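Asks: Quick one, what's the 3D model for this:
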Amino acid sequence: MEKEKNNFSATLEKLFGLDLRSLALFRVGLALVIIVDLIIRAGDLRSLYSDAGVMPRTLLKEITNPFYWSINSISGEPFVQGLIFLIVGLIAIALLVGYRTRLATIAMWAFVISIQNRNPALSFAADHVLRALLFWAMFLPLGASYSIDSALNSSQEKLPKRIASAATVALMIQIVLIYAGSAAYKTKSEIWWPDGDAVYYALSFDGYATPFGQFLLGFPEPILKLLTWVALWFEWLGPLMIFIPVGITFFRCVSIVLFILLHISFGLSFELGVFPYLCVVIWLVFIPTEVWDNWEKKIQSNERQGLRIYYDADCGFCKKVVYLLRTFLILPGTPLTTAQTDESIYADMQEKNSWVVVDWQGNRHFKWEALVYVFSLSPIFKPLAFLMGLSAIMPLGTKFYESIANNRKFAGNFTKPFKFRPLDIRPYRGLNVVVFLLLIYTLTWNVKGFVRQTYQRRKVQQQDFIAKAHTLFRRKTFQRLDVFGKLTKLDQSWSIFAPAPPRDDGWHVISGKLKNGKEVDVLYEKGESISWDKPTMKQFNNLYENMQWRSYFITLNRAIGKKLYPYYAEYVCSEWNKKNEGSEKLESLDIFFMEERTVPPGETQIVEKKNIMQKSCSDEQKDI
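Replies: Modelled structure (predicted):
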């Protein structure tokens, strides 16, 4: 009986546990995606995040929920936005290297919400997924492996390879919600099931078009229908593979491979920004312990096992550096010993004024050459050893090492923030309870959103579970709980291409009249004659410089566009007139939308010209 109980507990631990190395890879992937996203967004600080752009704070107050907070809203100056982005970038680097990891994760979650709330017109699926992942990541030991925190762990207690807690369960369920929640919304549209035309409509939407997507669109209709049904059922059933209690390692590996291939195909077929890369990162967290153990066995060699590193016991800077090197070069188990414990080693250290690296054959290496040797043993950074060892680099590297060795006290200032601290990853009962309650809240919100949409889409209301649940969720108790969801951005909705892919396709044309009377195309040709023809994919991509602009132009064609257009027109006037002088300045402009609503397969496409608004660009007359 006791044996069966232990086997059951071991199965549960393996089923709901996540390997610390997988969590570390997940952390690194998240940080890299965030850094790339920040760099992309930073190119539009003035245009998208300041009062001089398309979303001044006066408009933000008008269109956003009062409980959606943003640190970025403290100022409308581009300089202040730049400082905030710089701070966020530093936090992202701290997350990347695992320095004060939990604190960095909490700060990153808060700033990601802040940046997203500063301009809700840019909101896209990747934004929703990122903040959901960061929320649960705050409760996970992301810094327990391959990090500064783990490198400088002063605890003598050996960390486990895997951890199971309420947070690991919450993250797993959240990932299932992202996919199954999206699939649930899609079942509300006949386009997905039973018609099977969703892939056709998605590939036809020019806002997300890619050359490969256009290639797929040329496939026969039955194949596109099959792709639609396969995608829908895979979103329903695929994530559940992580909960299969038998063959856990096998099914985890299968799910990782299949979902990574799925998102690679999405990235090839649609312009989705960082979304496919972020979704690939999601599945790295499920890499099983057995895979890591097998990999570590394969990379073992006599050279790595025989490596020994000696450092000066009187140099705190030296100690931190060798511990960090061992961790980030992925050389676990390498003995790190003070040189003073061996007379011969200590003598060499004093004579060479260098650390001492001893290889598996007993040869001793010093200074920069020793660093090159250590890098050559790293399974990840081995290619750098070749560059570091080039004849042109070696003398410079040696001089650099000697400069550090001769100024160790000064160099120590750079490692002062890095302290040896005990690393405790035990899941405390109180924290587990809190995470469990948050998970219940998240599940409730997802069910609430599904019920509300299902109820609203019904042509004829019925007195069934949906109707009763809708009535329940409209009670004041649940309405009060909404505040917490908006403050934490747990107000989730997984609606990418759901309940149906967008069909309100088309393109904008902005006709500008210059002070000299000339008419120009403001948007695409930047001064050439007006063209009402559909832009080429290259012209679309030039206009949609990144996913944020792509999302913004799509949002302009939504209901909220009525409030966005006047501010966008003011921005267009301002940008043109800043770059042109005298009679080349804009006198006025007209914004048109050429609506090309996607028709069912085989029908003739119709384009309808809509005059959205007129705008005077003269300094004396403002329409806002």
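
Asks: Assess the claim that Tyr277 and Ile260 are in contact.
Replies: No. The pair Tyr277 / Ile260 is not scored as a contact, 10.5 Å apart, by CB atoms under 8 Å. Heads up, the C-betas are built off the backbone N, CA and C, glycines and all.

Asks: so where's the stretch 351-500 of the chain uncertain?
Replies: Counting by pLDDT under 70, the stretch 351-500 of the chain contains no low-confidence residues.

Asks: can you map out the helices along it?
Replies: Along the stretch 351-500 of the chain, counting by DSSP state H, counting those that start in this stretch, helices occupy 367-376, 382-388, 394-406, 408-415, 429-457, 465-473, 476-488.

Asks: now do the stretch 151-300 of the chain
Replies: 166-186, 198-204, 211-217, 221-237, 248-269, 275-284, 289-298.

Asks: highest average neighbour count across these?
Replies: Highest mean neighbour count among these (mean count of other CB atoms under 10 Å): helix 198-204, with a mean of 25.

Asks: who's in contact with that one?
Replies: Helix 198-204 has contacts (CB atoms under 8 Å, 6 or more residues apart in numbering) with 186, 189, 191-192, 208-209, 213-214, 216-217, 221, 224-225, 227-228, 231-232, 269-270, 497, 500-503, 505, 598, 601.

Asks: related to what we said a few turns ago, hey, which of the helices of the stretch 351-500 of the chain is tucked in deepest?
Replies: Mean neighbour count (mean count of other CB under 10 Å) peaks for helix 367-376 among these, with a mean of 20.

Asks: which other helices and strands contact it?
Replies: For helix 367-376, the packing partners by 3 or more CB pairs under 8 Å, 6 or more residues apart in numbering; DSSP states H and E come out as strand 356-358, helix 382-388, helix 394-406.

Asks: Pull up the pairing partners for the first one, direction included.
Replies: Within its sheet, and counting by DSSP bridges, strand 356-358 is paired with strand 308-311 (antiparallel), strand 364-366 (antiparallel).

Asks: how about the ones you listed in CSV, adding mean neighbour count?
Replies: As requested, the strands paired with strand 356-358 are exported to CSV (neighbours: other CB atoms under 10 Å):
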stretch, mean neighbour count
strand 308-311, 22
strand 364-366, 18
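
Asks: any idea whether Glu587 is helix, strand or coil?
Replies: strand (DSSP: H, G, I helix; E, B strand; the rest coil).

Asks: Next up, the contacts around it.
Replies: Contacts of Glu587 by CB under 8 Å, 6+ apart are Lys513, Leu514, Lys515, Ser616, Cys617, Ser618.

Asks: Would you quantify the distance from the last one to Asn577?
Replies: When you say that, I think you mean Ser618. Noted for Ser618: a distance of 10 Å to Asn577, by CB to CB, to the nearest Å.

Asks: residue ranges with poor pLDDT in this protein?
Replies: Using pLDDT under 70, the chain drops low at 1-6, 525-527, 619-624.

Asks: try 50
Replies: Scanning the chain for pLDDT under 50 picks out 620-624.

Asks: Show me which of the contacts of Glu587 is closest to Gly412.
Replies: When the contacts of Glu587 are compared for distance to Gly412 (CB to CB), Cys617 comes out closest, at 58.8 Å.

Asks: Spatially nearest residue to that closest one (excluding sequence neighbours)?
Replies: Among residues not flanking Cys617 along the chain, Cys573 sits closest, at 3.7 Å (CB to CB, 6 or more residues apart in numbering).

Asks: Please confirm that the one you found is located within a helix.
Replies: Yes. Counting by three-state DSSP, Cys573 is located in a helix.

Asks: contacting residues for it?
Replies: By CB under 8 Å, 6+ apart, Cys573 lies in contact with Leu586, Leu589, Lys615, Cys617.

Asks: quick one: contacts for Ile612?
Replies: Contacts of Ile612 by CB under 8 Å, 6+ apart are Gly561, Tyr565, Ile591, Phe592, Phe593.
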